[in-house]
Each structure stands twice: as structure tokens, then as C-alpha cells.
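1. no sequence on this one, just coordinates:
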Ligand SMILES: NC(=O)c1ccc[n+]([C@@H]2O[C@H](COP(=O)([O-])OP(=O)(O)OC[C@H]3O[C@@H](n4cnc5c(N)ncnc54)[C@H](O)[C@@H]3O)[C@@H](O)[C@H]2O)c1
Ligand SMILES: O=C(O)[C@H](O)COP(=O)(O)O
């Protein structure tokens, strides 16, 4: 990718809200960019047919806001494109976020920044969101899609890190290591073996057998544990693990219950007093999924009463926005309770991989319209336009998913040579990409105007 900001290719775009009015400068188009088209060639072609670099109007005007200490690999990759990149080490509160998001084309966040309807409504130019993590519950995905904003995440780059942390916690809890460590730091020598166990032969109960749960299954089995899992979908058990069909079936059998479900309406408050009571006397609970899955007062009660032998909790219903901020929880001071500041995915390996993966998805969407991997958006891609295809353009059209749209677009493009075209839908929106060859600058203007004026238009971009 060239790092220049004087890339001669340009794009034009517009967006309408559901109610119709034009949102000025929306959808990855820098302010003041008129839909005026001029052409210059991108270097010479020799030998191989190279893919042409399609980029927005003026890369230097693309504004990217990265919050929550997004990894340097991403910052470098995005700056290398010539984009303006502003970074913050922490999450921003709603008011600051609303002020900051107003004129950015792309925002990168991790698990703490809440991109609510209210925040998204303030984002006048936002075209794409990168969640530099696995979870996307912090974003109003459907509302973002309705505004033509694609959301990308990193589905598994930190899964191994979480699974390794959980294995460590199982051993630590089983040996009461947190408490022994605290005592030593307080100058207390307390050598005990009562209620300390090997993990070999014990039963782990995994709730949610996705990327993390299944990775954990393999590691736990290799440590000699018996593995049970509960999931809402039937899944192939790895190794000698076994799927149980009810949550109760898992809770009553497991020595260690570990949670790896996403935050959804169904999983919120999934583990409360009733579920904790079903767990075996002296068993352990581990939560490295989302803070809202467990009812904290009930857990604190189960720990203080001695019903549970201990817990490891990495995620909390309310987490401080930045390092150094005060943390409080009813779990503070509970026996054999390991509390960690949401570090399940915080390893050098995971963060670096996530930075590369998500930044590449953002760059592809901004520069070439590719939405493969988007979590809220139809996934569409086309074979690249070749560098020697001088007069080709790519139309990227996000529209309401209603009957008759494709016929309308076909009519607009009827006189043109559509090289390739693909469209897909997801819920209420659909996304069409079409590469059109042999078009003059005037024809580009017409195509852009006619498509963006269709009543179903959400966002139209023309890249070339
Ligand atoms: N602590 C951390 O730093 C950290 C790091 C990564 C991920 N996470 C959290 O862990 C979650 C899980 O990650 P993953 O990559 O394994 O996700 P995943 O999507 O691969 O797997 C989730 C599994 O949960 C299952 N599930 C969904 N609803 C369920 C329910 N009600 N009951 C039982 N099973 C249900 C799904 O079918 C799926 O198999 C993420 O959504 C994220 O919130 C936390
Ligand atoms: O969803 C995730 O990947 C984890 O919760 C990690 O989030 P983080 O990047 O904010 O640490």
C-alpha cells in the first residue's frame, strides 16, 4: 500500500438517514470534497497484472480516532495509509465521545467504549467501526447498520490468551494461591494443605463452547481434567469432552464452572443465586466473559458463606475507564477470590495480532469497499480492479433491503459495462458492489448522482 496522501484515485459519496435528509460529508468522505473527477494513472504496469489501489478522495483527510490503547501495529498500519490518526489510551465518557466522534470517518475501540444510538447519531461522518477485541456488545450493531456503518472485530486473536489465563486460574484457585500470596506480602507464613487439591481428575464445566471454550477444553483435558460443556447449539465435543443439555446438568457436576458466552439478552444475569446454589459445595466459578453475566451480590454471598471454594473474576458490570482509576466491588476481600482488571486478552501476542487484523479490515473497507468479516453488515467483496483497467470504477451501495432495488440499479447501469457485481443482505440493509468499466468522468458523476438519489439509498460510494 502506498503511504502517500497524494494518491490520485478519488471517491465520491453521500448518505441519507432513514428519514431522508442528506448528511453532509458522511460516509468516509472528507469535508469539502466535491464530486469532481479527474484521472491520473497509478504508476506503470509491467509483467504481472497488479490490483489497482482504490482509495477515498484524499487519504490525508480521513480521520481515525483510536481509543483504549489500541495496539501500535494498528496505529502504524493506518498512518501508513496516510490517514490522520488520533489516539487515546483510555475510553471516553459519553459527553467527550460525542464531541470527538462528530467529524471522524472511522473509530477504533476495545471493550469499554459504548457506541450507543445517541453517540452514533452524533457521528456525522462515521462509515466504519473497528472493535479491536472479540466482544461487540458495546456497539449498537443494528443501529450502526441502519446508518450504513460497518462494524469489524477480531473474532479469535485473543482466544488462546483467555484460555491460558483460565487454566492458570484453575490451578491458583485449587491451591488457594491468591490468599497465600496475600498473606506472604503481609508477612504471614501459613503453610496449609487443607482444601487444596490437584486439578487432575477434576471436572471442568465450560459454559459457551465457542472459540475460547473449545480451546480451553483441549488445554484442560491435557491437564488430566474431565471436560463437560453446555452451549445453546449442538457442537462437536473435542477430545473426550461431553456436551450436557442443560445448564443445571453442568452446574451440579462441575468442580470448576467457567463462563465463555457473549453478552446478550439471554446471558445477562445468567448466573445468580439459584444457579450458584446448584453448584457443588466447595466448587469454583470463573468469569472471563462479560461482567453482566454474573450477579455480583449473589456471588459475594456464596463466597463469604463458604458455599463456593473460590472464584476468579476478570470482568465486571462496571469497569473503570482508565488505568489508575479507583475500582470497587462487593467481591473485594472475599476468600480465595482472584480479581483481575479485564486482562483475559491482554497479551503482547493477542494485541499485536488484533491490531493487524482489525486495521486491515478497516483499510479494505475504506479503500475498496470490502465488507468481509463485518459483524453487522452484509459481507461482500469483488475481485480487484486491475491496475491497467484505467477507466473502471467500483460502486459501493448500501441500501434498504426492500424489493425492487436491484432492478432500479440495473436500469441506472443499463448502458454501461458491468464487469462484475455482487450483493448480499442482512436484516434490514443490503450492500451491492459493482465494478463498471469504460466510464468517462461525466458518466461517473451521473452514476453517482442517480444511485445516491434512489429512495432506498443509505450510503453510496464510488471508488476508482
Ligand atoms: N476477558 C477477556 O479479556 C475476554 C477476551 C475475549 C473474549 N471475552 C468474552 O468472551 C466471550 C466469548 O468469546 P468466544 O470468542 O469464545 O465467543 P464465541 O462466539 O466463539 O463463543 C460463544 C459461545 O457461546 C454460546 N452461547 C451463546 N449464548 C449462550 C447461552 N445463552 N448459553 C450457552 N451458550 C451460549 C455460543 O453458541 C458460542 O458457542 C466474548 O463474547 C467476550 O465477551 C473476554
Ligand atoms: O472482547 C474481548 O476481546 C475482551 O473482552 C478483551 O477486551 P479488551 O480489548 O478491552 O481487553
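-> Received the coordinates, thanks. Source: prediction; values computed, not measured. Ligands and ions are numbered 1, 2, ... in the order given.

2. is stretch 297-315 anywhere near ligand 1?
-> Yes. Using CB under 6 Å from any ligand atom, we find that stretch 297-315 touches ligand 1 at 314-315. (Each C-beta comes from the backbone N, C-alpha and C, glycine too.)

3. start to end distance for that stretch?
-> 14 Å (CA to CA, to the nearest Å).

4. excluding its backbone neighbours, what's nearest residue 87?
-> residue 66 (4.6 Å; CB to CB, 6 or more residues apart in numbering).

5. so which residues on this protein come close to ligand 2?
-> 110-112, 133-135, 158, 342, 344-346.

6. dump the residues you listed into TSV; add distance to ligand 1, pLDDT and neighbour count as well.
-> Output for the residues of the chain next to ligand 2, formatted as TSV (distance: CB to the nearest ligand atom, whole Å; pLDDT from 0 to 100; neighbours: other CB atoms under 10 Å):
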residue	distance to ligand 1	pLDDT	neighbour count
110	9	98	24
111	7	96	23
112	11	96	17
133	7	97	24
134	4	96	24
135	4	96	16
158	5	97	24
342	5	98	19
344	3	98	26
345	4	97	25
346	7	97	17
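
7. would you point out the most distant pair within those?
-> Within the residues of the chain next to ligand 2, two members stand farthest from each other by CB to CB: 112 and 158, at 15.0 Å.

8. show the contacting residues for residue 356.
-> 73-74, 77 (CB atoms under 8 Å, 6 or more residues apart in numbering).

9. what residues does this structure put near ligand 1?
-> Checking the chain against ligand 1 by CB under 6 Å from any ligand atom, the hits are 134-135, 156, 158-159, 162, 207-213, 230-233, 260-264, 266-267, 288-290, 314-315, 342, 344-345.

10. recalculate using a threshold of 5 Å.
-> 134-135, 162, 208, 210-212, 231-233, 260-262, 266-267, 288-290, 314, 344-345 (CB under 5 Å from any ligand atom).

11. filter the residues you listed down to the buried ones, ChimeraX style.
-> Remark: buried members of the residues of the chain next to ligand 1, expressed as a ChimeraX selection using 16 or more other CB atoms under 10 Å:
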select :134,135,162,208,210,211,212,231,260,261,267,288,289,290,314,344,345
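
12. any chance of the contacts of residue 356 in CSV, with pLDDT, secondary structure and neighbour count too?
-> Below are the contacts of residue 356 laid out as CSV (pLDDT from 0 to 100; DSSP: H, G, I helix; E, B strand; the rest coil; neighbours: other CB atoms under 10 Å):
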residue, pLDDT, secondary structure, neighbour count
73, 98, helix, 19
74, 98, helix, 27
77, 98, helix, 20
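
13. from those, which is closest to ligand 2?
-> residue 74 (11.8 Å; CB to the nearest ligand atom).

14. for the protein, which helix is longest?
-> Counting by DSSP state H, the longest helix found in the chain is helix 348-368.

15. the residue in the stretch 351-464 of the chain positioned nearest to ligand 1: what's it in contact with?
-> In the stretch 351-464 of the chain, the residue that lies nearest ligand 1 is residue 354 (9.9 Å; CB to the nearest ligand atom). By CB under 8 Å, 6+ apart, the contact list for residue 354 reads 71, 74, 132-133, 154, 157-158, 345.

16. same thing but 10 Å
-> Contacts for residue 354 (CB atoms under 10 Å, 6 or more residues apart in numbering) come out as 70-71, 73-74, 110, 130-134, 153-154, 156-158, 345.

17. distance of the residue of the chain found nearest ligand 1 from residue 135?
-> Residue nearest to ligand 1 within the chain (CB to the nearest ligand atom): residue 210, separated by 1.7 Å. Counting by CB to CB, to the nearest Å, the gap from residue 210 to residue 135 is 12 Å.

18. mutual contacts of the two, please.
-> By CB under 10 Å, 6+ apart, residue 210 and residue 135 have these common neighbours: residue 262.

19. got a list of what the residue sitting nearest the centre point of the chain touches?
-> The centre of the chain sits closest to residue 153, judged by CA atoms, centre = their mean, with a distance of 2.6 Å. By CB under 10 Å, 6+ apart, the contact set of residue 153 is 129-136, 139, 354, 357-358, 361, 373-376.

20. kindly report the same for residue 427.
-> Counted by CB under 10 Å, 6+ apart, residue 427 has contacts 141-142, 145-146, 376-378, 401.

21. swap in 7 Å and give it another go.
-> Taking CB atoms under 7 Å, 6 or more residues apart in numbering, we find residue 427 in contact with 142, 145.

22. what does it show for phi and psi?
-> phi 60, psi -130 (degrees, to the nearest 10).

23. how about the secondary structure of residue 112?
-> Taken by DSSP: H, G, I helix; E, B strand; the rest coil, the conformation at residue 112 corresponds to coil.

24. any weak-confidence spans in the stretch 151-300 of the chain?
-> In the predicted model, the stretch 151-300 of the chain carries no residue with pLDDT under 70.

25. how many residues are close by the closest residue to residue 235 other than its chain neighbours?
-> Spatial nearest neighbour of residue 235, chain neighbours left out: residue 209 (5.1 Å); criterion: CB to CB, 6+ apart. Residue 209 is flanked by 27 other residues according to other CB atoms under 10 Å.

26. look up phi and psi at residue 209.
-> phi -110, psi 50.

27. just checking, residue 102 touches residue 120?
-> No. If you go by CB atoms under 7 Å, residue 102 and residue 120 don't touch, sitting 11.4 Å apart.

28. any chance you could map the helices in the stretch 151-300 of the chain?
-> Taking DSSP state H, counting those that start in this stretch to define them, one finds helices in the stretch 151-300 of the chain at 159-174, 177-185, 211-222, 247-251, 273-278, 296-304.

29. for residue 393, find the nearest of those.
-> Closest among these, using CB to CB: helix 211-222, at 38.2 Å.

30. helix 159-174 and that closest one, what's the angle between them?
-> 50 degrees (axes from the mean of the first three to the mean of the last three CA atoms, to 10 degrees).
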